[in-house]
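>>> heads up, no residue letters with this:
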Ligand SMILES: Cc1cc2nc3c(=O)[nH]c(=O)nc-3n(C[C@H](O)[C@H](O)[C@H](O)COP(=O)(O)O)c2cc1C
């Protein structure tokens, strides 16, 4: 399974794990894969703490960081990063409040609301070009960070130049071959081709169609990782057959012992079916594939307010989400997951997942060899 990108980055197997949870990043990296910390919602200070912790656990192995650099964002929101609340229209606040009140979801206790709100606002402030740049600067002070990936657009030219000068691989997420071509032209070295079935912000084209399109557009020598719907070793074999140099998984890690989700949230993930992973704008203002719930659906109904631009919708939504989790209301719980959530049914360790993926990959390769020999 060791491909050119493993040699370039210094990992053993091309299994890339996207996670907001530092424990998952550490476990995957220690098991020979490449953990990538989703840092988009961290403040620079939080990121520094997380990276120091990861450095102390991975024994010198390389890992990555993922930031969100949106190509479109609310410029006023960026200017008033400390006071995003003020920019959310009263109508939107009232809509969310009425919904939660009618469902009997209690308000957050005093102090808790302010804490969560502060965290959310700080986090949302990192999802702007300047905010993401602050995260990149923190990541660059950690030499074991060997790759930085940007979501929602290629990094600006000065960031690309800086990363290259430091020998850090510059990656970007794409949902269309034309995006990948533009990102390459902007100096991006590695492309994560993410199909529509993926959890999180996602486009319209499936992984099976997108990956060969991107590989054809860029050539086999450009490292492309297949993302979206991958939870099994047979799918890794398929991704490599399509021309990818590795796989990038997100949903898979949510059910692990190390994941950031609590027991109530994991149960909601284990119960979700492929068809429950729908694309909705309620969470960030852009389409995110996530578990369908009464909360996500209320925003789709006639009479609901129009979605707010990033990052304002996220500020409004995340506070409501915190209330839902606190109240343990599965019927209102929407968290980003891909269609492959149907394969995440029980808690396992990240290490066991890594072993399973590699065993299944070998089985799939044996099956293919047998098939070819029979023919
Ligand atoms: C909970 C969750 C949050 C995500 N947040 C981000 C993010 O902040 N940045 C990003 O580049 N991708 C994000 N993604 C997408 C992943 O990077 C990855 O492409 C996707 O999970 C792959 O598809 P899969 O979910 O079917 O494994 C997220 C995915 C999940 C499940």
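Looks like it arrived, so ask away. This one's a predicted model, so the numbers in the text were calculated from it and none came from an experiment.
>>> how close does residue 276 get to residue 171?
Here the criterion is C-beta to C-beta, to the nearest Å. By it, residue 276 lies 30 Å from residue 171. From N, CA and C alone the C-beta is placed, and that goes for glycine too.
>>> which one of those two has more residues nearby?
Neighbours of residue 276 and residue 171, each counted by other C-beta atoms under 10 Å, are more numerous for residue 171; the result is 27 against 18.
>>> in three-state terms, label that one for me.
Assigned state for residue 171: strand (three-state reduction, DSSP: H, G, I helix; E, B strand; the rest coil).
>>> from the protein, which residue is nearest to the ligand?
residue 250 (2.0 Å; C-beta to the nearest ligand atom).
>>> who does the residue nearest to that residue when sequence neighbours are not counted bridge with?
The spatial neighbour of residue 250 that comes closest, neighbours along the chain excluded (C-beta to C-beta, 6 or more residues apart in numbering), is residue 18 at 4.4 Å. For residue 18, the beta-bridge assignment (DSSP bridges) gives partners residue 36.
>>> so what's residue 368 up against?
In this structure, residue 368 makes contact with residue 237, judged by C-beta atoms under 8 Å, 6 or more residues apart in numbering.
>>> residues of the helix or strand harbouring it that come out buried?
With elements taken from DSSP states H and E, the one containing residue 368 is helix 350-374. Buried residues in helix 350-374, counted by 16 or more other C-beta atoms under 10 Å: 350, 353, 354, 357, 358, 360, 361, 364, 365.
>>> is it positioned near the ligand?
No - with C-beta under 6 Å from any ligand atom as the measure, helix 350-374 is seen stopping short of the ligand, the closest distance being 11.8 Å.
>>> then stretch 215-233?
Yes - interface with the ligand: stretch 215-233 contributes 227, 228, 229, 230 (C-beta under 6 Å from any ligand atom).
>>> same check, this time on stretch 180-197
Yes - Stretch 180-197 lies within reach of the ligand by C-beta under 6 Å from any ligand atom, at 194, 197.
>>> how far is that stretch from where the chain is centred?
Using C-alpha atoms, centre = their mean, to the nearest Å, the distance from the centre of stretch 180-197 to the centre of the chain it belongs to is 15 Å.
>>> what is the end-to-end distance of it?
Start-to-end span of stretch 180-197 (C-alpha to C-alpha, to the nearest Å) is 18 Å.
>>> mean confidence for that stretch?
Taken as a whole, stretch 180-197 has a mean pLDDT of 97.
>>> any buried residues in that stretch, and which?
Neighbour-count burial for stretch 180-197 flags 180, 183-184, 186-197 (criterion: 16+ other C-beta under 10 Å).
>>> shaky segments in the protein?
Counting by pLDDT under 70, the chain contains low-confidence ranges at 70-82, 124-125.
>>> doesn't residue 8 belong to a helix?
Yes - under three-state DSSP, residue 8 falls within a helix.
>>> quick one, what contacts it?
Each residue near residue 8 by C-beta under 8 Å, 6+ apart is listed here: 169, 223.
>>> same thing but at 7 Å, please
The contact partners of residue 8, taken as C-beta atoms under 7 Å, 6 or more residues apart in numbering, are residue 169.
>>> okay, and residue 211 sits in which element?
Secondary structure assignment for residue 211, by DSSP H and E: helix 207-218.
>>> now for that helix, which elements pack on it?
Applying 3 or more C-beta pairs under 7 Å, 6 or more residues apart in numbering; DSSP states H and E, one finds that helix 207-218 makes contact with helix 177-185, strand 190-194, strand 224-227.
>>> mind listing what's buried along that helix?
When burial is assessed from 16+ other C-beta under 10 Å, helix 207-218 yields the following buried residues: 207, 208, 210, 211, 212, 213, 214, 215, 217, 218.
>>> got the angle for that helix vs strand 190-194?
For helix 207-218 and strand 190-194, the angle between their directions (axes from the mean of the first three to the mean of the last three C-alpha atoms, to 10 degrees) works out to 150 degrees.
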